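Chemist: turn this into a model:
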Amino acid sequence: MILGYARVSTGGQNLEAQVEALKAAGAERIYSEKISGSQLDRPELDRLLDQLRPGDVVVVAKYDRLSRSLQDLLIIVETIRNRGAGFRSLAEDIDTTTPAGRLVFHVMSSIAQFELERIAERTKEGLAAARKRGRVGGRPPALSNERRAEVQRMRDQEGRSISELARLFQVSPNTIRRA
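Modeler: Below is the predicted model of the structure:
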């Protein structure tokens, strides 16, 4: 039996194109859900894996619909294989029911993981370069240097409470404590 799996990350996205592709590939039963691929708890994927029988084939429109991380993807495909089933990805033309398909799957997965790591590396390099140029990312401080000095003066000289200062400066008590 051919079992299809379709997934989109947000409620605003549409599953129709994936479902149509899976039907065209001969999927007799399609499991679909709107949930992030990084979520470990995906009820429809779990149902699909529970229904797997030897000789079945799990089909997805693209392999990133199955998982967002290489490690998770490999675990899921290994689970499918251990149940005696195969895995097919339509967009990448991967079919793990053959030795060549398994090789292509592992090569493509490694390339995808490499690209994710390169993106993270380039992001870190860009942030470091921006810091060297004096740009600081993140949220701006809740209190300017002048307001911080005023908070300290009011606390030390006037003996005002942290909660009173927080209300007065419209910040959290933790911000006052840090100041």
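Chemist: how far off centre is the longest helix seen in the chain?
Modeler: Ranked by residue count and defined by DSSP state H, the top helix of the chain is helix 99-132. Distance, stretch centre to chain centre, for helix 99-132: 14 Å (CA atoms, centre = their mean, to the nearest Å).
Chemist: next SSE after it?
Modeler: helix 145-158 (DSSP states H and E).
Chemist: got the domain boundaries for this protein?
Modeler: Residue ranges for each domain of the chain read 2-114, 145-178, as given by automatic domain parsing.
Chemist: shouldn't A91 be within a helix?
Modeler: No: using DSSP: H, G, I helix; E, B strand; the rest coil, the assignment for A91 is coil, not a helix.
Chemist: number of residues surrounding it?
Modeler: Neighbours of A91 under the rule other CB atoms under 10 Å: 12. Where you see a C-beta, it was placed from the backbone N, CA and C, and this is true even at glycine.
Chemist: R177 now?
Modeler: There are 12 residues near R177, going by other CB under 10 Å.
Chemist: ditto for R42
Modeler: Counted by other CB under 10 Å, the residues lying close to R42 total 21.
Chemist: I176 too?
Modeler: 25.
Chemist: ok so, going back, most packed of the domains of the chain?
Modeler: Neighbour counts (mean count of other CB atoms under 10 Å) averaged over each of the domains of the chain peak at domain 2-114, with a mean of 16.
Chemist: any idea how far apart the tips of it sit?
Modeler: Criterion CA to CA, to the nearest Å; first-to-last residue distance in domain 2-114 is 31 Å.
Chemist: same check, this time on stretch 77-94
Modeler: 12 Å.
Chemist: ok, residues contacting it?
Modeler: 21-22, 25, 49, 52-63, 66, 95-97, 101, 104-105, 108 (CB atoms under 8 Å, 6 or more residues apart in numbering).
Chemist: sec struct for the most centrally placed residue in the chain, please.
Modeler: Nearest to the geometric centre of the chain sits S38, at 3.9 Å (CA atoms, centre = their mean). Per three-state DSSP, the secondary structure class of S38 is coil.
Chemist: was I right to think it contacts Q71?
Modeler: No: between S38 and Q71 there is no contact under CB atoms under 8 Å: 11.5 Å.
Chemist: quick one: contacts for I76?
Modeler: L45, L49, L66, S67.
Chemist: report the lowest-confidence entry in the residues you listed.
Modeler: When those are sorted by pLDDT, the bottom entry is S67 at 82.
Chemist: quick check: closest non-adjacent residue to that residue.
Modeler: Nearest non-adjacent residue to S67, counting by CB to CB, 6 or more residues apart in numbering: L73, 4.0 Å away.
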